[in-house]
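>>> the sequence and its predicted three-dimensional model are supplied below.
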Amino acid sequence: QGGFPEISFAKEEFKARILKQYFDDILYKDIIKRYNINTKKVQDLAIYLMTNFTNKFSLRTIRNTLKIAYDSIQDYLSYFIEAYLFFIHDYFSYSLKEQKTRASKIYCIDNGLRNATSFKFSEDYGRLAENLVFVELKRRKQEVFYWDEKGEVDFVVKDGGELTPINVTYSDEVDKREINALNEFKARFNKNVKRMLILTKDVESMEAGIEFIPLWKWLLM
């Protein structure tokens, strides 16, 4: 249900309605009215991004799916970011050229907004947990990226010259690919890796240099 204060005190049957109203207010008051742009196209793009949050995206795919021009998509994305509705998550590389030529991922400001507005076909706990971690890292003012080669690292936190790769799996049965991806990242950037984390549902342990921490506990650290 996200982190908007009013939602905590609202009756259950009104929560989704309030969140949908927040979403509409952001779109219409902060973006559409301000920039005098096409209502349907902006709304379609916002719902598309909400539905595909935590995923990589390409302008070409969006253009082909929604029939919106490249320039308009780029403009709308900049408006969403300025309104703090969405965040762009870039690829980690010491090469700025590589960083900017690789696909970006999209995250939204609040899980409650996402659940009230997207076309979702499952509970999506894993993606909701990942989005929550991203928002928390931003709240902590961390410089954060993702990394993807044979395996994928959800978050690479860059603190000066030190790197902390983090994978999020909202489960107590951690897939080996989560571990392998962190080890692959460490093999590539070994001297700069400070620590490696996997955020779980309730598992807490230390194995082969990887810290397994329950998500709820990490949020309180």
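On my side now, so go ahead. As the structure is a prediction and not an experimental result, all values here were calculated from the model.
>>> could you use CA atoms for every contact and neighbour count after this?
Fine.
>>> residue 146 in helix, strand or coil?
Per DSSP: H, G, I helix; E, B strand; the rest coil, the secondary structure class of residue 146 is strand.
>>> contacting residues for it?
With contacts defined as C-alpha atoms under 8 Å, 6 or more residues apart in numbering, residue 146 is in contact with 89, 90, 91, 92, 152, 153, 154, 155, 156.
>>> from these, which land in strands?
Assigned to strands by DSSP state E, the following of the contacts of residue 146 qualify: 89, 152, 153, 154, 155, 156.
>>> and the third one, bridged to which residues?
In other words, residue 153. When assigned by DSSP bridges, residue 153 has beta-bridge partners residue 147.
>>> and it, what pLDDT?
At residue 153 the predicted local confidence, pLDDT, stands at 98.
>>> ranges for the helices of this protein?
5-9, 12-25, 33-35, 39-51, 59-66, 70-82, 96-101, 111-117, 125-139, 176-189, 215-219 (DSSP state H).
>>> can I get those helices in a markdown table including mean neighbour count, distance to residue 206 and mean pLDDT?
What follows is those, written out as a markdown table (neighbours: other C-alpha atoms under 10 Å; distance: least, C-alpha to C-alpha, whole Å; pLDDT from 0 to 100):
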| stretch | mean neighbour count | distance to residue 206 | mean pLDDT |
| --- | --- | --- | --- |
| helix 5-9 | 11 | 35 | 92 |
| helix 12-25 | 15 | 39 | 94 |
| helix 33-35 | 12 | 51 | 95 |
| helix 39-51 | 18 | 34 | 96 |
| helix 59-66 | 13 | 40 | 96 |
| helix 70-82 | 16 | 37 | 97 |
| helix 96-101 | 12 | 31 | 91 |
| helix 111-117 | 22 | 29 | 93 |
| helix 125-139 | 18 | 20 | 97 |
| helix 176-189 | 17 | 12 | 97 |
| helix 215-219 | 15 | 14 | 98 |
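>>> the ones you listed into a markdown table, with extra columns for distance to residue 146?
Putting the helices of the chain into a markdown table (distance: least, C-alpha to C-alpha, whole Å) gives the following:
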| stretch | distance to residue 146 |
| --- | --- |
| helix 5-9 | 30 |
| helix 12-25 | 27 |
| helix 33-35 | 31 |
| helix 39-51 | 18 |
| helix 59-66 | 19 |
| helix 70-82 | 18 |
| helix 96-101 | 10 |
| helix 111-117 | 20 |
| helix 125-139 | 10 |
| helix 176-189 | 11 |
| helix 215-219 | 18 |
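>>> and of these, who's closest to residue 168?
Ranking those by their distance to residue 168 (criterion: C-alpha to C-alpha) puts helix 125-139 first, at 5.8 Å.
>>> give me the helices and strands touching that closest one, please.
Helix 125-139 makes packing contacts with strand 104-108, helix 111-117, strand 162-168 when contacts are defined by 3 or more C-alpha pairs under 8 Å, 6 or more residues apart in numbering; DSSP states H and E.
>>> residue 184 - nearest residue in space that isn't next to it in sequence?
residue 151 (7.3 Å; C-alpha to C-alpha, 6 or more residues apart in numbering).
>>> any idea how far that neighbour is from residue 61?
When distance is defined by C-alpha to C-alpha, to the nearest Å, residue 151 is 23 Å away from residue 61.
>>> what's the answer for residue 53, then?
Note on residue 53: its distance to residue 61, by C-alpha to C-alpha, is 15 Å.
>>> tell me the contacts of the residue nearest the centre of the chain?
The residue at the geometric middle of the chain, judged as the C-alpha nearest the mean C-alpha position with C-alpha atoms, centre = their mean, is residue 107 (3.1 Å). By C-alpha under 8 Å, 6+ apart, the residues touching residue 107 are 53, 54, 86, 87, 88, 89, 131, 134.
>>> perfect, that will be all.
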